[in-house]
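Enquirer: Quick one: sequence plus predicted model below, questions after.
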Amino acid sequence: MTTPEQIKFAHAPTSDEVIAGVTLKDAKRASKWTAYFDVAQSVTGLLLGLFLFCHMAFTSSIQFGKDLFWNLIQCSGLTPIFGHEQVWAHFIFVAVITVLVIIHALCALRRFPTSYKQLRDIFAHNKFVHHTDTRLWVIQFVTAIILTATVFPHVMGMLTAPSEIDPNLSSVHTYHMGLIWTFIFLVATELHGMIGLYRLGVKWDVIKGRAHGFRTTMLVVALLMIVCGAFTATTFYMNGKQLVESDQAAVRYVPQNNWFAK
């Protein structure tokens, strides 16, 4: 037995009603919070992505000597303003970055698969469509999981002991964490951040039809930052190893060239 046409389509709106939006007054109003969360995720992602460039430049200064790294730390500690290092300034700076990370992560959780079936469907879809942006989304998903497990141990040491942000003590910290953990964190951070900036450009249509070129640029930038970060991490590790082996792991660095000495 089949359903008669007049019953099957009895409640279907006509084309005129759809165009005029006659039935919209009876539609359930969508929550604005979805849009708020989406904007918050985009804004925090943009700020954190831009911060990665500053962070890379800051940490890479160790390649030019501990004095340069130490003096840049003093800038973060507001030494140019107060005349001596302010530990609370380090804490506030790291705390702001941590809050941005937490907000970004909570907003992004809305898009995470909530079951094994959804996760299976995502990977099956990625394998089937052979779409570059879909692959990049999967990479972002995987790196997000890695960052969830690694970013908080990275910042907690600076939050609990901001006075120990020092060329020597940071090197010892890198040595104890190990190069493998550091490289995993480095690769996950740079890929997640640079792919995220590309996806933001596409999402908010700020690259105006130049998606392919912008995507290539961000992937090249990610590769360069990974290479630069690998050299920097190795330098910290070797410095830390030398300090530990010479029983000077707890010795703070004394600069030979203090930019702010009167």
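Expert: That came through, no problem. These numbers were taken from a predicted model, which means no experiment stands behind them. Residues are numbered from 1 along each chain as shown.
Enquirer: Mind jotting down where the helices sit in the stretch 101-250 of the chain?
Expert: Taking DSSP state H, counting those that start in this stretch, the helices of the stretch 101-250 of the chain run over residues 116-129, 132-160, 167-177, 179-203, 211-245.
Enquirer: Packed most tightly, which of these would that be?
Expert: With neighbours defined by mean count of other CB atoms under 10 Å, none of these is more surrounded on average than helix 167-177, at a mean of 21. Any C-beta I mention is one placed from the backbone N, CA and C, and that applies to glycine too.
Enquirer: Might you report the residue contacts of the spatially most central residue of the chain?
Expert: Per CA atoms, centre = their mean, the C-alpha nearest to the average position across the chain is that of G193, at 4.7 Å. Residues counted as contacts of G193 (CB atoms under 8 Å, 6 or more residues apart in numbering) are L48, G49, L52, A222.
Enquirer: Not counting sequence-adjacent ones, nearest residue to the first one?
Expert: It refers to L48. Excluding its sequence neighbours, the residue lying closest to L48 (CB to CB, 6 or more residues apart in numbering) is L100, at 5.6 Å.
Enquirer: Look up which helix or strand that neighbour falls in, please.
Expert: Here L100, judged by DSSP states H and E, is contained in helix 87-108.
Enquirer: okay, the angle between that helix and helix 179-203?
Expert: Interaxial angle, helix 87-108 versus helix 179-203 (axes from the mean of the first three to the mean of the last three CA atoms, to 10 degrees): 60 degrees.
Enquirer: circling back to that earlier point, redo the helices of the stretch 101-250 of the chain as JSON lines? Include mean pLDDT and distance to A108.
Expert: Shown next, in JSON lines, are the helices of the stretch 101-250 of the chain (pLDDT from 0 to 100; distance: least, CB to CB, whole Å):
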{"stretch": "helix 116-129", "mean pLDDT": "87", "distance to A108": "15"}
{"stretch": "helix 132-160", "mean pLDDT": "91", "distance to A108": "6"}
{"stretch": "helix 167-177", "mean pLDDT": "92", "distance to A108": "25"}
{"stretch": "helix 179-203", "mean pLDDT": "94", "distance to A108": "10"}
{"stretch": "helix 211-245", "mean pLDDT": "95", "distance to A108": "18"}
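Enquirer: Counting neighbours, what do you get for the residue nearest to L48?
Expert: The number of residues packed near L100 is 17, by other CB atoms under 10 Å.
Enquirer: ditto for the one 3 residues further on
Expert: I103: 18 surrounding residues under other CB under 10 Å.
Enquirer: still on that earlier bit, which strands and helices lie in contact with the helix holding L100?
Expert: helix 33-60, helix 66-76, helix 132-160 (3 or more CB pairs under 8 Å, 6 or more residues apart in numbering; DSSP states H and E).
Enquirer: Kindly provide the distance from H154 to A161.
Expert: H154 sits 13 Å away from A161 when distances are taken as CB to CB, to the nearest Å.
Enquirer: Tell me how far the nearest residue to S42 once chain neighbours are set aside lies from V129.
Expert: Leaving aside its sequence neighbours, S42 sits nearest to L200 (CB to CB, 6+ apart; 5.9 Å). To V129, L200 is 22 Å away according to CB to CB.
Enquirer: ok, and what's touching stretch 210-226?
Expert: For stretch 210-226, contacts defined as CB under 8 Å, 6+ apart pick out 52, 56, 132-133, 136, 186-187, 190-191, 193-195, 197-198, 201-202, 207.
Enquirer: got the CA coordinates for it in CSV?
Expert: Provided in CSV are the C-alpha atoms of stretch 210-226 (Å, rounded to 0.1, in the frame of the first residue of the first chain):
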residue,chain,number,x,y,z
ARG,A,210,44.2,32.9,-3.4
ALA,A,211,43.6,29.8,-1.2
HIS,A,212,46.1,27.5,-3.0
GLY,A,213,49.0,30.0,-2.8
PHE,A,214,48.2,30.9,0.8
ARG,A,215,48.0,27.2,1.8
THR,A,216,51.4,26.5,0.2
THR,A,217,52.9,29.5,2.0
MET,A,218,51.6,28.5,5.4
LEU,A,219,52.9,24.9,4.9
VAL,A,220,56.3,26.2,3.9
VAL,A,221,56.3,28.5,6.9
ALA,A,222,55.4,25.6,9.2
LEU,A,223,58.3,23.5,7.8
LEU,A,224,60.7,26.4,8.3
MET,A,225,59.5,27.0,11.9
ILE,A,226,59.9,23.2,12.6
